[in-house]
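*Asks:* give the three-dimensional model of this entry:
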Amino acid sequence: MHDHHPHELAFAPPRPAGPHPLLARLEQELGWPRLTTLAEAEAFTARPGAHCLFIPGDPQRNLETADAAVILPELRMAFQHAFDCALVDDAIEATLRETHRALKAPGYLFFREGAFLGAIEKIRDWDDYMIRTSHILALAR
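*Replies:* The predicted model follows:
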């Protein structure tokens, strides 16, 4: 029998280095910007057209984050690129969720020229995404 030091028993699995691979794909392959400040988020959403901010949540604790990272590019294609997308960094995620009352992650926050249109939170059925996104994009035209 071994005498274990108390710290040896409090083992936590190592966190993978860098972002989740599916989140990294959004930036590296699809070219989506990662917004790290509120000023960047405001500038991105103030541009002409419709925009979606992807609030991923913590992929280590929330298994839906990976699904949301796959769904949003597909949703954008289904709407023929009617909106552009950006990834929200951890540094501003909580503030954006609270400001726009989209408290559950993962979430998609939609804007048109700086005006918040609505949010879709958590993972949903594809038909629900289609209906909600159509409704949100029809607002404030």
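*Asks:* what's the average pLDDT for stretch 83-102?
*Replies:* Mean pLDDT, stretch 83-102: 96.
*Asks:* which parts of that stretch are buried?
*Replies:* 83-89, 92-93, 96-97, 100, 102 (16 or more other CB atoms under 10 Å). Every residue, glycine included, has its C-beta placed from N, CA and C.
*Asks:* need the residues that contact that stretch.
*Replies:* In this structure, residues lying in contact with stretch 83-102 by CB atoms under 8 Å, 6 or more residues apart in numbering are 23, 26-27, 30, 32-38, 41, 44, 49-58, 72-73, 76, 103, 105, 107, 109-110, 116, 119, 121, 137.
*Asks:* burial count for residue 73?
*Replies:* 17 (other CB atoms under 10 Å).
*Asks:* chain neighbours aside, what residue packs nearest to it?
*Replies:* residue 30 (6.2 Å; CB to CB, 6 or more residues apart in numbering).
*Asks:* for residue 129, same thing?
*Replies:* residue 75 (5.6 Å).
*Asks:* check what pLDDT residue 60 gets.
*Replies:* On the pLDDT scale, residue 60 gets 88.
*Asks:* re earlier: possible to save the buried residues of stretch 83-102 as a markdown table with distance to residue 131 and secondary structure?
*Replies:* Formatted as a markdown table, these follow (distance: CB to CB, whole Å; DSSP: H, G, I helix; E, B strand; the rest coil):
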| residue | distance to residue 131 | secondary structure |
| --- | --- | --- |
| 83 | 16 | strand |
| 84 | 21 | strand |
| 85 | 19 | strand |
| 86 | 23 | strand |
| 87 | 24 | strand |
| 88 | 24 | strand |
| 89 | 29 | coil |
| 92 | 29 | helix |
| 93 | 26 | helix |
| 96 | 24 | helix |
| 97 | 23 | helix |
| 100 | 20 | coil |
| 102 | 18 | coil |
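*Asks:* out of those residues, who's nearest residue 133?
*Replies:* residue 83 (8.4 Å; CB to CB).
*Asks:* okay, the closest one and residue 19: tell me how far apart.
*Replies:* 22 Å (CB to CB, to the nearest Å).
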